[in-house]
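[1] build me a model:
(chains A and B)
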Protein chains: 2
Amino acid sequence: MIKCLKNAVILKHAYDTPVRQNLLIGDDRIIGFYPVEHVPKSDLIIDLDGMMIIPGMVQSHVHLPQVMFRGLADDLPLLSWLKEKIWPLEAAHDAESTYLSAMLGSMELIAGGVTTVCDMESVLYAEESARAIYEIGLRAVFGKVLMDYNDTPPELGGMPDTFFESTRETIDKAMELYHGWHGKADNRIRFAFMPRGILTTTEELLQELAYLSSETGCLVHTHACETRPESELVEERRGLTEIKYLHKLGLTNERLLLAHCVCVDDDDIAILRDKRIGVVSCPLTNLKLGSGIAPLEKMRIENVHLAFGSDGAPCNNNLDIFQEMKFASLLQKGTLHEPTAMNARDTFDIATRGGANVLGLDADIGTLEVGKKADLAVLDLDQHETAPLQYSVSSLVYAGNPHMVRHVMIDGRWVYRSGEFPDLDVARLREKALAAQKRVLSRYENK
Amino acid sequence: MIKCLKNAVILKHAYDTPVRQNLLIGDDRIIGFYPVEHVPKSDLIIDLDGMMIIPGMVQSHVHLPQVMFRGLADDLPLLSWLKEKIWPLEAAHDAESTYLSAMLGSMELIAGGVTTVCDMESVLYAEESARAIYEIGLRAVFGKVLMDYNDTPPELGGMPDTFFESTRETIDKAMELYHGWHGKADNRIRFAFMPRGILTTTEELLQELAYLSSETGCLVHTHACETRPESELVEERRGLTEIKYLHKLGLTNERLLLAHCVCVDDDDIAILRDKRIGVVSCPLTNLKLGSGIAPLEKMRIENVHLAFGSDGAPCNNNLDIFQEMKFASLLQKGTLHEPTAMNARDTFDIATRGGANVLGLDADIGTLEVGKKADLAVLDLDQHETAPLQYSVSSLVYAGNPHMVRHVMIDGRWVYRSGEFPDLDVARLREKALAAQKRVLSRYENK
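    Below is the predicted model:
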């Protein structure tokens, strides 16, 4: 069905000047842009008078199974956070609670203008998150966590042994997900290999993943350089910095995507840039857990491929790309004492084209262009917090928030319309999620 | 009229446990709290089933006349920001544009759960802001900017001479506002003396204000220790740090309220604490303008009297106390590498009781208590960004936003009801504000 979205102010990409236009969309792709006077022939005309259309935004590092634990692990030292809360809570999940957690998170993301995520699941029940993503209509790269070796000392938050699988088992389970889900829904759902981090994987596993990634074309997504103590431990035990160690194992290429990169030195940054490695910055999480502030502006100037992620709800506590943009930009300005750093356009570019790029999806999404997928958000900028009305990238980055988002289209389909999910009973889902949370907490408390 | 708000989950103060209760309110003050089963006799019963009632929040440093310039001065070096944008724009204001700017800002504040502000106006048209505040029903301390001496070097953003008044003139104008407005609307509107800063005032003026403050009981509110270069300049020209200089002039007492305090050393902090001086931290502004990060946790532990402020819309770009809370807390955690720093309750306390305290209004507002003013916000926490539903201070500080606010009561009157301003034509006000902005910009461009 051909749809015409008319009379909207369209921002095609971060460096574009927003202009009132009509947008023609086929089943799933953008057909063309037309002057307002020219309403092209279409099956359905939707008047978006005064609204702003922007490219759907991308969150390149989230943990949907953790949404269930929002607000349950605040203001704790990192070790208590992990050992007393996050690990045992994750271990207490069941299939349905994982699915519902992913549904809550997906709703929050879409309602906030995000159309694509890279979602790192738990060790177990990854297919339940995939099912939620598939059903709600989100575009996603997902994968189960792979762990085959417990090299984290207890005082650094040593994980329960129940999380660990043998090298063979963990790879087999990943490949099962690959075969079952990769490319599903006209390529909307993609699979990635997601080892948790260097201290929880054998060298053998990482090398095998380097091979499987080159064979399948799937990304390898992992945490790296998140905290100083963990980075130092890797250096002590592997004899190399995290980035150099991954380089040695043959993982450093454009299919590698690293979350965090707070503690990176100039050598690391050179490798990240030269090997076209994707870096997902999670500024709120890095602050809330006390990890620090990533050298984002430096990496940006060095042309490292950047994206944003909200990480897990317990360490943020939102999945709100507007907040990631604002924190990212303001943190660089404030700590560099340079108000021109990370300007609004560069920041919005990271949240859209950048996110698409690190996921290898920039041919299809990240900007609004003829031939690209129709992944977009429609915003009402006529709000108290943006008055006087201004159609600008600044309004999005410095004054924006999820509540401006009125409609969201993914793959040419309205998944969110007039502030509602047309196909979902949101109240019922929240009720079921509360019941599931109660169940998980009771298992957690009885351990 | 006696009103009963029944069935709401009430948080009386930051350290309280939220409990479902009924709240009885007289004309303007809280009469009592009752168990849900007990609905006391009243003229009006309002069922707030499932909503959360919190104390109205306090923004202790804003510039409402600058709301008109939101998004017009982003990503600029500080000097260009001041000299090319903010000063000439402020100079281009007229009476009506000032009034409309204050109306937009007041609406944003109230719709975001703020019931009290400390508003620093421009040199001119301060009474127009006061009128807007008075009409909309906000509780406020306000004052015109006082400047009688231009000691800022041109390279540090020297101000246009048109902003300066003689010492006598600037005091006379302030006293006129004091006589016209102080104590108006049953003490809802209060006046304060607001010298801009040390480099734009004579010693004579500051000493006179110290005297007038002790005579009238009115606060003295000014900017201090905002940026390193300005602080160094004060030290060079006055021979003392900003705090010590104010101390020498007899201004350091509980009626002094300082915005920013980014660049304060241990001696300064000791004076701030010992003299019970109020400090308003503006974390977003301090980042966006490249000033840095205030040692907030250190001051908090030292028992300095703290509050939050959004400052002006061009340097933020919202007047959103939820953002101030989240940035304030996360910044301290991240830069101190200490996830337990500035916990949710301590942060919310600063935004409520702390704000009331630095304004000298804590006998009347800041917490919900029998006998205190009925200044409160009613929140709907059943949102995507807070699911699964949890009535907690963490939900407010780490996951909250202005769009949760459904109703706001100030002085016992609903100024905001079901997401609307019952007495205002918001669309018409925004239209008029856009027209006024056009007028101001045309004057600005023709200068």
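
[2] so where's the stretch 151-300 of chain A shaky on pLDDT?
    Scanning the stretch 151-300 of chain A for pLDDT under 70 picks out the ranges A:157.

[3] now do 80
    Low-confidence segments of the stretch 151-300 of chain A (pLDDT under 80): A:153-160.

[4] the residue in it that chain B sits nearest to: neighbouring residues, count only.
    Across the stretch 151-300 of chain A, the shortest distance to chain B (CB to the nearest CB) belongs to A:L287, at 3.1 Å. Quick note: C-beta positions are derived from backbone N, CA and C, even for glycine. By other CB atoms under 10 Å in any protein chain shown, 25 other residues sit near A:L287.

[5] likewise the one 4 residues further on?
    The number of residues packed near A:S291 is 25, by other CB under 10 Å.

[6] that one belongs to a helix?
    No: with DSSP: H, G, I helix; E, B strand; the rest coil as the criterion, A:S291 is located in coil rather than a helix.

[7] show the backbone phi and psi for the residue lying closest to A:L24 once chain neighbours are set aside.
    In space, and not counting its chain neighbours, A:L24 is closest to A:I31: 4.2 Å by CB to CB, 6 or more residues apart in numbering or on different chains. Main-chain dihedrals, A:I31, degrees, to the nearest 10: phi -90, psi -40.

[8] quick check, A:E254 in a strand?
    No: assigned with three-state DSSP, A:E254 falls outside any strand and is coil.

[9] tell me who's in contact with the residue of the stretch 151-300 of chain A closest to chain B.
    Contact analysis of A:L287 by CB atoms under 8 Å, 6 or more residues apart in numbering or on different chains lists A:293, A:327, A:331, B:330-331, B:333-335.

[10] Three-state assignment for it, please.
    Classification of A:L287 using three-state DSSP returns helix.

[11] element containing the residue nearest to it when sequence neighbours are not counted?
    Spatial nearest neighbour of A:L287, chain neighbours left out: B:G334 (3.1 Å); criterion: CB to CB, 6+ apart. Using DSSP states H and E, B:G334 sits within helix B:321-336.

[12] give me the helices and strands touching that helix, please.
    If you count contacts as 3 or more CB pairs under 8 Å, 6 or more residues apart in numbering or on different chains; DSSP states H and E, helix B:321-336 packs onto helix A:283-288, helix A:321-336, strand B:57-62, helix B:283-288, helix B:296-301, strand B:305-308, helix B:344-349, helix B:393-397.

[13] let's see 7 Å
    In terms of contacts (3 or more CB pairs under 7 Å, 6 or more residues apart in numbering or on different chains; DSSP states H and E), helix B:321-336 is packed against helix A:283-288, helix B:283-288, helix B:296-301, strand B:305-308, helix B:344-349, helix B:393-397.

[14] so what strands line up beside the fourth one?
    Which is strand B:305-308. Under the criterion DSSP bridges, strand B:305-308 sits next to strand B:278-281 (parallel) in its sheet.

[15] what about the strand it pairs with, distance to the chain center?
    Strand B:278-281 has its C-alpha centroid displaced from the chain centroid by 10 Å (CA atoms, centre = their mean, to the nearest Å).

[16] buried ones in the longest helix seen in chain A, by neighbour count?
    If you go by DSSP state H, chain A has its longest helix at helix A:426-445. By neighbour count on 16 or more other CB atoms under 10 Å in any protein chain shown, the buried set for helix A:426-445 is A:426, A:429-430, A:432-434, A:436-437, A:440, A:443-444.

[17] pLDDT for those residues - can I get that in a markdown table?
    Below are these laid out as a markdown table (pLDDT from 0 to 100):
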| residue | pLDDT |
| --- | --- |
| A:V426 | 98 |
| A:L429 | 98 |
| A:R430 | 98 |
| A:K432 | 98 |
| A:A433 | 98 |
| A:L434 | 98 |
| A:A436 | 98 |
| A:Q437 | 98 |
| A:V440 | 97 |
| A:R443 | 95 |
| A:Y444 | 94 |
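
[18] from those, list the ones also adjacent to chain B.
    A:430, A:433-434, A:437 (CB under 7 Å from any CB of the partner chain).

[19] interface residues of the stretch 101-250 of chain A facing chain B?
    So far as CB under 7 Å from any CB goes, the stretch 101-250 of chain A lies against chain B at A:104, A:107-108, A:111.

[20] list just the nearest of the residues you listed to A:K6.
    The nearest member of these to A:K6, counting by CB to CB, is A:A111 at 23.8 Å.

[21] and the nearest residue to the closest one once chain neighbours are set aside, how many neighbours?
    Nearest residue to A:A111, sequence neighbours excluded (CB to CB, 6+ apart): B:H384, at 4.9 Å. B:H384 sits with 23 neighbouring residues when counted by other CB under 10 Å.

[22] doesn't A:K3 make contact with A:I25?
    Yes: between A:I25 and A:K3 there is a contact at 4.7 Å, judged by CB atoms under 7 Å.

[23] sorry, back to before: next up, the contacts around the residue nearest to A:A111.
    If you count contacts by CB atoms under 7 Å, 6 or more residues apart in numbering or on different chains, B:H384 has them with A:107-108, A:111.

[24] what is the nearest of these to A:M194?
    Closest to A:M194 out of those is A:E108 (21.2 Å), distances taken as CB to CB.

[25] now name the helix or strand holding the closest one.
    Applying DSSP H and E, one finds A:E108 within helix A:95-111.

[26] for A:E169, same thing?
    helix A:167-181.

[27] what does A:A377 give?
    strand A:376-379.

[28] hmm, who's touching that strand?
    With CB under 7 Å, 6+ apart, strand A:376-379 has contacts from A:8, A:48, A:51-57, A:113, A:368, A:404-409.

[29] just stretch A:79-86 next, same as before
    A:69, A:72-73, A:76, A:157, A:289, A:314, B:339.

[30] which among the residues you listed gets closest to A:V234?
    Distances from A:V234 to the contacts of stretch A:79-86, taken by CB to CB, are shortest for A:G157, at 14.2 Å.

[31] mind listing the strands for the stretch 1-150 of chain A?
    Along the stretch 1-150 of chain A, the segments classed as strands by DSSP state E, counting those that start in this stretch run A:3-10, A:19-25, A:30-35, A:44-47, A:52-55, A:57-62, A:114-120, A:139-143, A:145-146.
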